[in-house]
Every structure is written in structure tokens, then in C-alpha cells.
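heads up, no residue letters with this:
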């Protein structure tokens, strides 16, 4: 894997430099918040589902807050790099993260022995944002048009194939398929999904379970074989792709992905409340909802309390699945 590439200072969606007229309570905030650009850390690279989601929601938020969002892509370590950066940042409302189940549930649930941050003590949640489903893909040229054929072909050729992953959903679904069907297959872990998809299309890796938003442009371009969706129902953007169960295979566990707008612990409640309100407004915008639906993303606005409860519940869910499947990074 390549080392993380730093991308600084990429301003999105110009907002006025002036701060808001309404001041927030608290001794640390004598000036209105925000009175300078807001840094938004993403745990995956450009072109990922996270990147698509961020670009879509920050446009209306930037207008409402009258400030730019500066996006920093910090992929790597199964999102632990980005999570640690948010956790260690100053709790002043100027460093946020659009973080995922990878860093907020799977890593602390046992996927990593020491992720380098403490979710319960170092991070707080402004809002749930969106969720996403996955699809099983095969490299072009493989003699397998269905999930069953793909599994049988890999099983008949032990040690000859590899599967790629670019996020926790990919790791978990790929690990499930390999373990459940007893496949002798190498796991190639990427820091983000787009480069894994490029290598899949080129035949450098042979199969992959990808989140739908990241894969859709290349699916539309016919770059690889689309063999199954691991969810219980077909995906609305892939209505012709059958489920595992429809192909006579067992229903995989639910490793669907999700995102939360996250801040360092100690960020003032007034700021978190304002972020929650603006995120809810953005996700209610018809244009935003249409863009997210087209990308395969489902808006999931929430209160702050609902976000916290969901993260705690998901921590338990992922911890149980990780233990049962023997998953580890």
C-alpha cells in the first residue's frame, strides 16, 4: 500500500468570510462561530462515497454558515488516521470529521487492536448523515457470471486469486465470503476504494465487495462483472443484480456502511446543535436528496442523542460480528 498523500487547502463552495451575526454562548467564543473556514477531515480519498457525500452536503451548509469548508482527505489504517486527527484536534468547532462505521464501530469493536483513539472519550457526534449498501464485483474475464459461479471457481483454484477491500464493509463482506465458503484467497487491503476498483478493472485483483456509490461510475462503464448484492433486497440502482439468497447462497451479515458528522470531545454544545440543525436542513433539501439518491446514498438525519445511541448500538453489533467471523486487521 502507498503512504497517505496529503491534500491540504482544497476549498469547497465559497462562502463569505464574515462570521454569523449571532454569537454562541461560552467564554471561549467571544466572536461569532464560525468566523473562519471549517476543516472537514475525510477518511477516504477523492472519488470515494465519502467524498461524494461531503461535496453534496457541504454546499448548503457552507451557504447557511457563511463559511468555506476545507476538505482534507486522510485515508489509511482503516480510517484510524482520520479518526485520530479529529479526536486530537482542538474542540473549537473548526475541525470536524465525516467519519464512518469503520472508525466509529468496527475498529474500536475489535477489528484493530489499538486504533489510536478512544471513541467514547475523545469524539462526539453532531448528526448521523447517510448510509450505504454494497455490491460483489468480479474482474473482467473471469469465467463467473453469478456469485455461486465465482465462489466455485475460486474454490477450485486455491491460492490463485485475491480479493480487494477499500473500507470496513469491503473487509467484512470479503472476509465473510472467504471464511464462510472456505476459500484460499489472498486479501489485498487498499487505503481507499477508488484505487482498488481501478486494479479490479485491470485484473490485478480478482473480486471485491464495494460500496455502491464508489463503484457506480465504473459499473455504468462496464468495467467489471456485477455478480450479486449481499443485502436482503436488490439495490434500487442495480435492479437487475440478484441477491445472494436469490442465487441459492446464505444471507451474509449486514455490514452496511454509515457516516456521522463528528467533532472532538469538548466541542461546545451550541456548536454541535448548530451543526445538527444545518445538517438536517441540508439533508431535507430536495436537490441534495436527489443527488444522494443518484449516488446510491440514503440520507439519515438524526438528533445528537439519536446519533450517540446509534453509535453505541453499532459498536456492539460490529463487535459481535467481528468476534464471530474472526475478522482482524
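Great, that's in hand. Please read all numbers here as calculations on a predicted model, not as lab measurements.

Name the residues that touch the helix or strand where residue 217 lies?
Using DSSP states H and E, residue 217 maps to helix 212-220. With Cβ atoms under 8 Å, 6 or more residues apart in numbering as the test, helix 212-220 has contacts from 47-49, 52-53, 132-135, 137, 166, 193-194, 197, 201, 224, 226, 235, 237-238, 295-297. In short, each C-beta sits where N, CA and C put it, glycine included.

Okay, now the unreliable bits of this protein?
Where the chain drops to pLDDT under 70, the residues are 1-31.

how does it divide into domains?
Following automatic domain parsing, the chain resolves into domains at 7-20+29-132+256-325, 149-247.

Distance to residue 141 and mean neighbour count for these - can I get that in a markdown table?
Formatted as a markdown table, those follow (distance: least, Cβ to Cβ, whole Å; neighbours: other Cβ atoms under 10 Å):
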| stretch | distance to residue 141 | mean neighbour count |
| --- | --- | --- |
| domain 7-20+29-132+256-325 | 24 | 19 |
| domain 149-247 | 6 | 20 |
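
that older thread, sheet-wise, list the partners of the helix or strand following the helix holding residue 217 with their directions.
Next helix or strand after helix 212-220 toward the C-terminus (DSSP H and E): strand 225-228. Partners of strand 225-228 in the sheet, by DSSP bridges, are strand 134-138 (antiparallel).

Now the element after the strand it pairs with, going C-ward?
Counting by DSSP H and E, what follows strand 134-138 is helix 147-155.

where's that following helix relative to the chain centroid, distance-wise?
In terms of Cα atoms, centre = their mean, to the nearest Å, the centre of helix 147-155 is found 28 Å from the chain centre.

What is it packed up against?
strand 134-138, strand 225-228 (3 or more Cβ pairs under 8 Å, 6 or more residues apart in numbering; DSSP states H and E).

out of those strands, nearest to residue 211?
Minimum separation from residue 211 across these (Cβ to Cβ) falls at strand 134-138, 5.6 Å.

what residues does the closest one touch?
Strand 134-138 has contacts (Cβ under 8 Å, 6+ apart) with 144, 147, 150, 169-170, 173, 177, 197, 200, 206-212, 215, 219, 224-231, 235, 238, 241, 255-257.

What of stretch 261-278?
Under Cβ under 8 Å, 6+ apart, the answer for stretch 261-278 is 24-26, 28-29, 33, 60-61, 64-65, 86-93, 95-99, 104, 121-127, 129, 279, 303-304.

quick one: which of these sit in helices?
60, 61, 64, 65, 86, 87, 88, 121, 122, 279, 304 (DSSP state H).

Please identify which pair of those residues lies farthest apart.
Maximum pairwise distance among the ones in helices among the contacts of stretch 261-278 (Cβ to Cβ): 31.9 Å, between 60 and 121.

ok, which stretches of the stretch 151-300 of the chain are strands?
162-165, 186-189, 207-211, 225-228, 257-264, 297-299 (DSSP state E, counting those that start in this stretch).
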